[in-house]
Structures are given as C-alpha cells and as structure tokens.
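K.L.:
The following block contains a protein sequence and its predicted model.
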Amino acid sequence: MHRFKAQGISSRHLSKPKWVHPKDKITQWNIVRGDKVAIIAGKDKDTIGEIKSVNRDTNTVVVEGKKLSKKHVPKQPGAPEGIMRKEMPIHYSNVMLLHPDTQIPTRIERRQVEKTLDDGRVVKRWSRFVHGTDVEIPKPSQKYNDRSGDEKFSTTPEDTIKETFHGVSLEAPPLPEALVKELRNPYKKRTVPA
C-alpha cells in the first residue's frame with residue numbers, strides 16, 4: 001500500500017496485486033484470451049464464459065460477465081447510481097477448457113505436431129488436444145488484428161514526403177543565419193524575458 005501512496009495513487013482505486021511465489025507460477029499456459037471455458041468452482045460454478053484477459057503473474061484469468069463485484073464510483077454515464085459492476089479475476093485452476101464438439105469441460109494435453117505453412121515449409125508447433133484423444137482444440141482467432149498493415153499505411157511513402165516537405169527548401173536553414181549563430185555561441189549570455 002505504501003508503494004501506491006508514494007506514487008500518489010489511491011489504493012482504493014488500484015489495489016495491490018497478489019504476490020505469487022515464482023515456484024508456484026504456471027509455466028505452460030493452455031488457456032489464452034478468447035477461449036470458451038467452464039467455471040468449475042466459485043459463485044459462478046457450472047457456467048460457461050469467454051476469457052477476456054489472462055494475468056500470468058498472478059495465475060488468474062478474467063471471464064467475461066462472470067464473478068461480478070460492485071464498485072462504488074462517482075456518478076457517470078456508465079454507472080448512474082454510482083455503482084459499477086466489475087469482473088474480478090478467477091484462479092487458473094477454477095476454469096476448464098470446453099471440448100470443441102460436445103462443449104463439456106474436459107482435461108487437455110499438449111503435443112507437438114508438424115504443420116505445413118502456406119509457403120510449403122514444415123514446422124513443429126505445440127497444439128492442445130483433448131486428453132487421451134486426437135481431437136485438437138484450436139486457438140481462437142484474434143478479435144482485433146493489429147498486425148494487418150493495409151489500413152495503417154494507406155498513404156504511399158512518396159505522397160507523404162511530397163506533402164510533408166511541400167514548398168520547403170532544404171538548401172537554406174529554416175531560421176535566419178544570425179539567429180542560428182547566436183544560438184550556437186556558448187559564450188553569449190542569455191537573458192530570460194520577464
């Protein structure tokens with residue numbers, strides 16, 4: 001708590017994260033963001049939800065719309081009464097992945113499989129399988145693909161350079177020569193305008 005006070009942050013709004021001993025941290029995570037999981041313990045037991053986020057430092061996941069708690073905040077459009085519902089983290093051991101065909105909670109195992117890429121190369125990748133069978137559990141596709149560059153760079157580099165340096169001559173400096181010499185002189189006393 002003192003760490004937050006030193007930064008000027010109230011501990012009411014930003015709670016201290018739970019410390020997990022390094023030997024207790026899960027090294028091989030089989031659950032990723034976007035997976036459909038069943039909650040097997042806690043107040044939302046026997047319900048199904050989608051993983052919203054994964055915290056590997058505290059071995060917890062946040063399931064969308066599950067384990068809701070009330071948070072008192074100043075009145076705002078999202079919380080007109082001043083009470084906001086917030087999803088709280090659930091421990092990794094309290095959720096199970098669903099079987100892709102039957103949609104029931106199931107144990108899983110990891111195996112290395114050889115996959116052929118689009119360019120013809122054969123690579124080994126770790127995949128998730130239903131325990132004791134050959135049914136593969138696919139990883140979910142990304143909802144927001146930030147890696148696609150088509151929308152980001154719709155302007156060609158030539159057009160960008162032309163617009164940026166339109167009417168600018170790079171032969172002469174942008175400031176008058178006398179001002180540049182004055183700024184470069186280390187022995188000139190500068191006065192601060194009042």
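P.N.:
Looks like it came in fine.
K.L.:
On the strand side of things, show who the most centrally placed residue in the chain bridges to.
P.N.:
Nearest residue to the geometric centre of the chain (Cα atoms, centre = their mean): residue 53, 7.5 Å. Legend: beta-bridge partners of residue 53 under DSSP bridges are residue 62.
K.L.:
residues touching it, list them.
P.N.:
Residue 53 sits next to 33, 61-62 when contact means Cβ atoms under 8 Å, 6 or more residues apart in numbering. For every residue, glycine as well, the C-beta is placed using N, CA and C.
K.L.:
same deal with residue 27?
P.N.:
Per Cβ under 8 Å, 6+ apart, neighbours of residue 27: none.
K.L.:
where in the protein is pLDDT low?
P.N.:
Applying pLDDT under 70 to the chain picks out residues 1-15, 143-153, 167-168, 170, 173, 190-194.
K.L.:
tell me how far stretch 106-121 is from the chain's mean position?
P.N.:
Offset of stretch 106-121 from its chain centre (Cα atoms, centre = their mean, to the nearest Å): 25 Å.
K.L.:
Check stretch 75-89 too.
P.N.:
Taking Cα atoms, centre = their mean, one finds the center of stretch 75-89 at 22 Å from the center of the full chain.
K.L.:
same thing with stretch 50-59?
P.N.:
10 Å.
K.L.:
mind checking the end-to-end distance for that stretch?
P.N.:
Start-to-end span of stretch 50-59 (Cα to Cα, to the nearest Å) is 17 Å.
K.L.:
got the buried residues for that stretch?
P.N.:
Buried residues in stretch 50-59, counted by 16 or more other Cβ atoms under 10 Å: 51, 54, 59.
K.L.:
among the contacts of residue 53, who's most crowded?
P.N.:
residue 61 (26 neighbours; other Cβ atoms under 10 Å).
K.L.:
From residue 183, how far out is that residue?
P.N.:
Residue 61 is 56 Å from residue 183, where distance means Cβ to Cβ, to the nearest Å.
K.L.:
and what of residue 36?
P.N.:
63 Å.
K.L.:
Tell me the spatial nearest neighbour of residue 84, not counting adjacent residues.
P.N.:
What sits nearest to residue 84 in space, not counting adjacent residues and going by Cβ to Cβ, 6 or more residues apart in numbering, is residue 71, at 4.6 Å.
K.L.:
Please dump the buried residues of stretch 50-59 into TSV; it should also carry distance to residue 20 for every row.
P.N.:
Below are these laid out as TSV (distance: Cβ to Cβ, whole Å):
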residue	distance to residue 20
51	19
54	14
59	6
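K.L.:
Which residue ranges of the protein form strands?
P.N.:
36-39, 47-55, 60-63, 68-72, 83-87, 90-91, 95-97, 108-116, 122-130, 136-137 (DSSP state E).
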